[in-house]
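Trainee: Task: produce atomic coordinates for the following.
(2 chains)
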Amino acid sequence: EAGVAQSPRYKIIEKRQSVAFWCNPISGHATLYWYQQILGQGPKLLIQFQNNGVVDDSQLPKDRFSAERLKGVDSTLKIQPAKLEDSAVYLCASSLMGNTEAFFGQGTRLTVV
Amino acid sequence: QKEVEQDPGPLSVPEGAIVSLNCTYSNSAFQYFMWYRQYSRKGPELLMYTYSSGNKEDGRFTAQVDKSSKYISLFIRDSQPSDSATYLCAMRGGADGLTFGKGTHLIIQP
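Mentor: Alright, predicted model coming up:
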């Protein structure tokens, strides 16, 4: 079974630029999550989708971050404009349903300079 | 007080030792408890998944949950150098997103 796919693996941008990350969850998984992991910290939930609807985006900085999950499969997370403090690993995870095991992708490491 | 507390370590033990990793939490609504292993520059890998209180064993790994004390543990028997990684505890109340601890950096010395 293929795992959660994310791209790109690494990205370096200047502050105030925009960036987008892509995630393809495990086939059949209805729930998709985006997490932000700052160096030395545990992952922090940014947004949770159930199919193509948003379940929880309470910790998403909506003035600069946006996410969508069209057709309930792939998802993109965008940051515009980026700040230095956005430097982190952005992890995508998926689960069959909201209360089952969540499986993570390799993450996208973002450096904002 | 953070919702989930986890000692970041590093924790260094000799090969073959029994390792004990722990987390405490404050939210009594948490019902599902997980342990993830994360190698450097990799995504978290699910090790153990438990519901409510009790023990669960899988090979060299044992997860314990004590909801009355709001305390969870992961034990690793016969530790190997390949077990060196960061171990993250995570928990949720129902169908919501996971709340993670900071992670414990574990080093197994050959």
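Trainee: Which neighbouring elements make contact with the helix or strand containing A:Trp22?
Mentor: Here A:Trp22 sits within strand A:19-24, counting by DSSP states H and E. Under the contact criterion of 3 or more C-beta pairs under 8 Å, 6 or more residues apart in numbering or on different chains; DSSP states H and E, the helices and strands touching strand A:19-24 comprise strand A:5-7, strand A:10-13, strand A:75-79, strand A:88-95, strand A:108-112. No exception for glycine: its C-beta is placed from N, CA and C like everyone else's.
Trainee: pLDDT of stretch A:63-74, averaged?
Mentor: Stretch A:63-74 comes out with an average pLDDT of 93.
Trainee: Could I get the buried residue list for that stretch?
Mentor: A:65-67, A:69, A:73 (16 or more other C-beta atoms under 10 Å in any protein chain shown).
Trainee: returning to that earlier point: return the set of buried residues in the strand holding A:Trp22.
Mentor: A:19, A:21, A:23-24.
Trainee: ok, the residue sitting nearest the centre point of chain A - contacts?
Mentor: Residue closest to the mean C-alpha point of chain A, counted by C-alpha atoms, centre = their mean, is A:Trp34 at 3.1 Å. A:Trp34 makes contacts with A:23, A:45-47, A:67, A:75, A:77, A:90-92, as judged by C-beta atoms under 8 Å, 6 or more residues apart in numbering or on different chains.
Trainee: Quick check: which element contains the residue in chain B positioned nearest to chain A?
Mentor: Going by C-beta to the nearest C-beta, chain A is nearest to B:Ala95 of chain B, at 2.6 Å. Following DSSP H and E, there is no helix or strand that holds B:Ala95.
Trainee: Who are the contact partners of it?
Mentor: Neighbours of B:Ala95 in contact, by C-beta under 8 Å, 6+ apart: A:31, A:50, A:55, A:97-99.
Trainee: among the residues you listed, which are in reach of chain B?
Mentor: A:31, A:50, A:55, A:97-99 (C-beta under 8 Å from any C-beta of the partner chain).
Trainee: Contact residues of chain B facing chain A?
Mentor: Residues of chain B lying near chain A (C-beta under 8 Å from any C-beta): B:4, B:6, B:8, B:32, B:34, B:36, B:41-46, B:49, B:88, B:90, B:92, B:94-103.
Trainee: which ones among these are found in strands?
Mentor: B:4, B:32, B:34, B:36, B:45-46, B:49, B:88, B:90, B:92, B:99-100 (DSSP state E).
Trainee: now, which of these sits nearest B:Lys67?
Mentor: B:Tyr32 (11.3 Å; C-beta to C-beta).
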